[in-house]
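Enquirer: Starting from these lines, generate the structure:
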Amino acid sequence: MPSPASPERPVRAHVVTPDGRRLSHLTYGPAGGRPLLALHGHLGEGFEFMALAAALAADGWRTVAPDQRGHGDSDRAQCYDRQGYVDDLRFLLGELGLDRGPLPVIGHSLGAVNAYHLAAAHPGTVSALVDIDGPAELPVVDPAPLSFLLDLPYTAPSRDRLLAACGSLAPLLEAGMRPCEGGWRLACHPRDMVDSDTRILGDHWPVWLGSDCPALLLHGTRSTVLPTLQAREMATRRRRTTLVELEADHWVHQRCPDETASAIRDFLAATAGGA
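Expert: Residues are numbered from 1 along each chain as shown. Next up is the predicted model:
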């Protein structure tokens, strides 16, 4: 029987989707705590929320952080469109018994877009929304911004050889490298990430504006993904949305962990019955 989850010792488990894929997830915080969902961005995984989960646990929150399809320890999928991501989240919440009432959802980048799509499509699921530098619109370009990943191998006989093959991208990817049959692999398959990246491009404004739960938009003023003017427009146009700007790049929660945690704790205390 697994030990109770704690911020220092998260518990990993998985569910199996109707089409036979494994969805892995980490749980942080007190076993009886109030649940919230945390969704990583492209090339990320649930583990990146450990520091934030530790801060939220002090207020009694239990963070469930899945490795979204094709990321981390979750299996690859045939398609990486919005419906597929949202269906996975709905299934996971149902399997964990977290679909009986709304809960706060935190998302970074890809995870933020998936979070506000979930909130718009299933308004009874999301009680409060935290968008960490997730845009409402991404320019449609060809090739997609993550196409540079196609030059990388997915696997190598050893970790050192995989690191060497990644070249200048090694610092970005090495934390997610893990053993696999025959050697080591990246946390995500490059082709999957390009597919996912291609499908997220475009106009999401109607969906961003399509829910009315309270929202916190955390924006990095040096972000190359979400322009500051767009972030301010997102907060202005969507009712019940608070904008917090931090001196950071796109990875706001990792560059400014204390400020991020403080803003989210205050937001949850005001909107979701936090301490």
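Enquirer: Hmm, residue 40 is touching residue 110, no?
Expert: Yes: if you go by CB atoms under 8 Å, residue 40 and residue 110 touch, sitting 7.5 Å apart. (C-beta placed from N, C-alpha, C; glycine too.)
Enquirer: Comparing the two, which residue is more hemmed in?
Expert: residue 40 (27 against 23; other CB atoms under 10 Å).
Enquirer: Spatially, what comes nearest to the more buried one if we skip its sequence neighbours?
Expert: Using CB to CB, 6 or more residues apart in numbering and skipping residues adjacent in sequence, the residue nearest residue 40 is residue 111, 5.1 Å away.
Enquirer: burial count for the one you found?
Expert: 29.
Enquirer: Now do it, the pLDDT please.
Expert: The model reports residue 111 with a pLDDT of 98.
Enquirer: And the one 3 residues further on, by the same measure?
Expert: The model reports residue 114 with a pLDDT of 98.
Enquirer: list the contacts for it?
Expert: 39, 68, 82, 85, 86, 89, 107 (CB atoms under 8 Å, 6 or more residues apart in numbering).
Enquirer: hang on, it is in a strand, isn't it?
Expert: No: read with DSSP: H, G, I helix; E, B strand; the rest coil, residue 114 is helix and lies in no strand.
Enquirer: which residues of the stretch 151-275 of the chain fall in helices?
Expert: Using DSSP state H, counting those that start in this stretch, the helices of the stretch 151-275 of the chain run over residues 159-166, 170-173, 190-200, 205-208, 228-237, 252-255, 257-271.
Enquirer: Of those, which is nearest residue 141?
Expert: Smallest distance to residue 141 across those (CB to CB): 9.4 Å, for helix 190-200.
Enquirer: Near residue 48, how many residues? Count them for me, please.
Expert: 22.
Enquirer: Apart from its chain neighbours, what residue comes closest to it?
Expert: Nearest non-adjacent residue to residue 48 (CB to CB, 6+ apart): residue 40, at 5.6 Å.
Enquirer: show me what contacts that neighbour?
Expert: Neighbours of residue 40 in contact, by CB under 8 Å, 6+ apart: 46, 48, 49, 65, 67, 68, 71, 108, 109, 110, 111.
Enquirer: repeat that for 6 Å
Expert: 48, 108, 111 (CB atoms under 6 Å, 6 or more residues apart in numbering).
Enquirer: Sort out for me which of the residues you listed are in helices.
Expert: For the contacts of residue 40, the ones inside helices are residue 111, with DSSP state H as the criterion.
Enquirer: export stretch 77-87 as PDB, just CAs?
Expert: Extracted C-alpha coordinates of stretch 77-87, given in PDB (Å, rounded to 0.1, in the frame of the first residue of the first chain):
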ATOM      1  CA  ALA A  77      -1.200   9.000 -28.100                       C
ATOM      2  CA  GLN A  78      -2.300   9.000 -31.700                       C
ATOM      3  CA  CYS A  79      -3.400  12.600 -31.600                       C
ATOM      4  CA  TYR A  80      -2.600  15.700 -29.600                       C
ATOM      5  CA  ASP A  81      -5.600  18.000 -30.200                       C
ATOM      6  CA  ARG A  82      -7.500  19.800 -27.500                       C
ATOM      7  CA  GLN A  83     -10.300  17.300 -27.400                       C
ATOM      8  CA  GLY A  84      -7.900  14.500 -26.600                       C
ATOM      9  CA  TYR A  85      -6.200  16.400 -23.800                       C
ATOM     10  CA  VAL A  86      -9.500  17.400 -22.300                       C
ATOM     11  CA  ASP A  87     -10.900  13.900 -22.600                       C
END
